[in-house]
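Participant: Got a predicted structure here, sequence first:
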Amino acid sequence: MRVALFVTCMVDVLEPDVGVATVRVLRAAGCDVSCPDGQTCCGQPAWNAGAADAAATVARTTLDALHAALHDPADPAEVVVVPAGSCATMIRVFWPELFELVGDHDAAERARLVGARTRELSELLAERSLPPLRMPATRVAYHHSCHLLRELRVHDQPEALLDRVEGCERVEWGAAERCCGFGGLFSMKLPEVSVAMADDKLASLAEAGAGAGAGAGAELLVSADGSCLLHLRTRAEHEGRPVRTAHLAQVLAAALDGRDPRVAP
Amino acid sequence: MSGEHLLPGTTLRDRTAAATGDVRLRGSLARALRHFGHGRERALADLDDPDGLRHAARAVRADILADLPAILERLADRFEANGGQVFWAADAAEANGHIAGIARRIGARRVVKSKSMASEETGLNEALARAGCSVVETDLGEWIIQLAHETPSHIIAPAVHRDRYQAAEALQTAAGDRTLDPDPAKLAAFARETLRAEYLRADLGVSGVNLGVAETGSLVLVTNEGNASLTMGVPRVHVAVMGMERVTATWEQCELLLSLLARSATGQQLSAYTDIVSGPRRAGEADGPDEVHLVILDNGRSDVLASELHEILACIRCGACLNVCPVYRQVGGHAYGWVYSGPVGAVLTPLLASEHPEAAELANASTLCGACMDACPVGIPLQDLLLSLRRRRAERAGSAERAAWRAWAEAWGRPAGYRTSTRALARGRAAARWAHLLPGLSRWTEGRAAPVPARRTFRERWDAGEV
Ligand code: SF4
């Protein structure tokens, strides 16, 4: 399967290792990966701030790149894959709305076409077979990012992927579906609330899996959205209680070689 | 609006920051909301098809709003035919003026009130006080905050932000020499006993309206303490204040909405008391007022109805969106600055209190996590409405903010511009050197470590053939 990767600005600049892991896992799942030229950002920061024109200007650039990749006469990609629930939501749910709003019906139409063929990474991987996956025994808590969960309704796929990894003990976590407090610019507009929300989530992490018999407390926090992890990790770091985090792609990529995702390759 | 509330002169950030620093407040909220949340889940799990019911409720509310003027006319006609009197109030001042006029005419000194958000919105208590009346709130939570000189912290549980010791402290002011035991059951018993005397002495009863039913010209009130029954039943004159959207055309619609209201609010199948008033006491009836007035309050709602944000008027004030909102959970209701809090307040306040520029920033009091939309029993797209409000606000934003977005779009709207700026971030990895590129970053680093860009971007590694 030929897939076009939209790597997202955040992965590109802050977490390129997530992009590398994504490519590795996709290849292991039998995908032929391209990374279309011309992509920049999905426009979400401006969209969420209400700056629709700025959002459309930026989103149109990425739309053009992805649309071209899906319609490349020589070697068209079948799907676009995005290693971030939030940006996948922007493309699938909000792009058509955004372009209609700024009166660009043409772009809205293309956005619908691209959206229909855009998949968040775990959605795509859950449908594909992967080589055996294993990692040293680790208690893992999974954080459902809000957009992925409530807009794209992706709930079971990331968990099912983690369950495919031998050694990964997924623990029950009461706060798994609660917002971490990042919310894009929210984290800067109302930093005190944002941080309080992160603290709530982090505090409950210590109790995750309690009552399940084995040792309580998650050793690794995993999500399919790097931005939530960044927020939670940098908050924990600031408080001097670092928490291990890994993007789902990083867990899976490490598990291809039986490695511990908490240790950089 | 009354203008006597908290908004003026404070910023959303100040208020939320103060609230997050209040450990006791957050403890009370967490306890209460956990309780509400479990109840709601159980109550919805009992239903055969909760989603089907929600869709039906959404459709019903949309139908009602589409035909609102006609339904209101019908309600008013029937209510008058039943012997009630109707007053259409364009704004808070008109509503208060009319009610104060009734109080004066009948020489009212003492007023008992059953919880009503619409009259919180108009600041009716202050207006009645100015008219020489003493007003006593009869809902326990509402009475607690009245004694503490506070505004409600929650749509259905006004004193949710206070723990039982703080509740006892407030009630103590009404207990005189007697020392109150902070046991919730004992506090409730004290309230019952004290308020009973108030009902008997009151000249005027004031209540809100959960739903007006046009079909028969009836007003429906639900409570769990039964205080609305006494407020309506004992004093000689009664005034009900209703936001103009709080109506149904038929009893069938009313029944559907009431069952969802109770389940979504507190996890009950139905509230403990449902009172219906269709007009004054008739000959041979044991109780009920001699005079009943209905005040239909617009106060900005017509403008909302005509706008792209009209869906917010479908709200039945169940409070479910507050209970699931992770922001509300941290800060409680007062941080929202006005009568309505949580996600519904973040939408309603900028609309109904639009003369306060501070109100507009409430659209930012959300991470857009979507939990509220999932919880809303009438399917209000709260997130979309918040985004609309943010767009309205952005259009009026200062030139600095607009210029910043334009510069960003200019750079990232071109692949070359994007590459140049992302490489610059990678080269200047030390936060100090790139913080100025992202003006909000200083606010990030107040509570979090600065994120460090990678040495080389993914795109550079990809282009170099290393991936
Ligand atoms: S917006 Fe929906 S969930 Fe919130 S109070 Fe209104 S009806 Fe209830």
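Facilitator: Sure, I can see it.
Participant: What's the local residue count around residue 141?
Facilitator: With no chain named, the answer covers chain A. Using other C-beta atoms under 10 Å in any protein chain shown, residue A:141 has 24 other residues around it. All C-beta atoms are positioned from the backbone trio N, CA, C, and that covers glycine.
Participant: oops, I was thinking of chain B
Facilitator: 21.
Participant: now do residue B:10
Facilitator: Residue B:10 has 13 neighbours, counted by other C-beta under 10 Å.
Participant: That one is in contact with residue B:338, isn't it?
Facilitator: No: using C-beta atoms under 8 Å as the test, residue B:10 is too far from residue B:338 to be in contact (11.2 Å).
Participant: Can you point out the helix or strand that includes the residue in the stretch 101-250 of chain B positioned nearest to chain A?
Facilitator: Going by C-beta to the nearest C-beta, chain A is nearest to residue B:161 of the stretch 101-250 of chain B, at 15.1 Å. Counting by DSSP states H and E, no helix or strand carries residue B:161.
Participant: go on, residue A:131?
Facilitator: For residue A:131, there is no enclosing helix or strand under DSSP H and E.
Participant: list the contacts for it?
Facilitator: A:28, A:256 (C-beta atoms under 8 Å, 6 or more residues apart in numbering or on different chains).
Participant: Next, it: phi, psi?
Facilitator: For residue A:131, the backbone dihedrals (degrees, to the nearest 10) come out as phi -60, psi 170.
Participant: Over to the one 10 residues further on?
Facilitator: When read as degrees, to the nearest 10, the backbone of residue A:141 gives phi -110, psi 130.
Participant: Which of the helices or strands spans the closest residue to it other than its chain neighbours?
Facilitator: Excluding the flanking residues, the one nearest residue A:141 by C-beta to C-beta, 6 or more residues apart in numbering or on different chains is residue A:218, at 3.5 Å. Assigning secondary structure by DSSP H and E places residue A:218 outside every helix and strand.
Participant: Neighbours of residue A:218, how many?
Facilitator: Around residue A:218 there are 24 residues (other C-beta under 10 Å).
Participant: just checking, it touches residue A:202?
Facilitator: No: Residue A:218 lies out of contact with residue A:202 (C-beta under 8 Å); the separation is 10.4 Å.
Participant: And the residue nearest the centre of the chain?
Facilitator: You didn't say which chain, so I picked chain A. The centroid of chain A falls nearest to residue A:84 when counting by C-alpha atoms, centre = their mean (2.4 Å).
Participant: switch to chain B, that's the one I care about
Facilitator: By C-alpha atoms, centre = their mean, the most central residue of chain B is residue B:340, 3.0 Å off.
Participant: Up against the ligand, what does chain B have?
Facilitator: The interface of chain B toward the ligand, taken as C-beta under 6 Å from any ligand atom, is made up of B:155, B:264, B:315-321, B:344, B:375-378, B:380.
Participant: Could you pull out the strands in the stretch 151-265 of chain A for me?
Facilitator: A:165-170, A:220-223, A:245-247 (DSSP state E, counting those that start in this stretch).
Participant: who are the neighbours of the last one, in terms of helices and strands?
Facilitator: Here strand A:245-247 touches strand A:220-223, helix A:226-238, going by 3 or more C-beta pairs under 8 Å, 6 or more residues apart in numbering or on different chains; DSSP states H and E.
Participant: Which one of those lies nearest to residue A:112?
Facilitator: Closest to residue A:112 of the helices and strands packed on strand A:245-247, according to C-beta to C-beta: helix A:226-238, at 25.3 Å.
Participant: For chain B, which helix extends over the most residues?
Facilitator: For chain B, the longest helix by residue count, based on DSSP state H, is helix B:23-45.
Participant: related to what we said a few turns ago, spit out the contact partners of the residue nearest to the centre of chain A.
Facilitator: The contact partners of residue A:84, taken as C-beta under 8 Å, 6+ apart, are A:8, A:10-11, A:120, A:224-227.
Participant: now with 6 Å?
Facilitator: A:8, A:225 (C-beta atoms under 6 Å, 6 or more residues apart in numbering or on different chains).
Participant: same thing with residue B:146?
Facilitator: Contacts of residue B:146 were listed using C-beta under 6 Å, 6+ apart, and they are residue B:137.
Participant: quick one: pLDDT of it?
Facilitator: pLDDT, residue B:146: 94.
Participant: Can you tell me how far it is from residue B:112?
Facilitator: Using C-beta to C-beta, to the nearest Å, residue B:146 is found at 12 Å from residue B:112.
Participant: in chain A, which spans are helices?
Facilitator: Residue ranges of the helices in chain A, as given by DSSP H, are A:9-13, A:16-28, A:44-49, A:52-70, A:85-89, A:95-101, A:105-116, A:121-126, A:146, A:156-163, A:186-189, A:191-205, A:226-238, A:248-256.
Participant: how close does the residue in the stretch 151-265 of chain A positioned nearest to chain B sit to the ligand?
Facilitator: Taking C-beta to the nearest C-beta, chain B has its nearest neighbour within the stretch 151-265 of chain A at residue A:183, 2.9 Å off. With distances taken as C-beta to the nearest ligand atom, to the nearest Å, residue A:183 is found 19 Å from the ligand.
Participant: Flag the shaky bits of the stretch 1-150 of chain B, pLDDT-wise.
Facilitator: Counting by pLDDT under 70, the stretch 1-150 of chain B contains low-confidence ranges at B:1-6.
Participant: The closest residue to residue B:86 other than its chain neighbours: how many residues sit nearby?
Facilitator: Nearest-residue entry for residue B:86: residue B:76, 4.4 Å, with adjacent residues in sequence omitted and distances by C-beta to C-beta, 6+ apart. Per other C-beta under 10 Å, the neighbour tally for residue B:76 reads 20.
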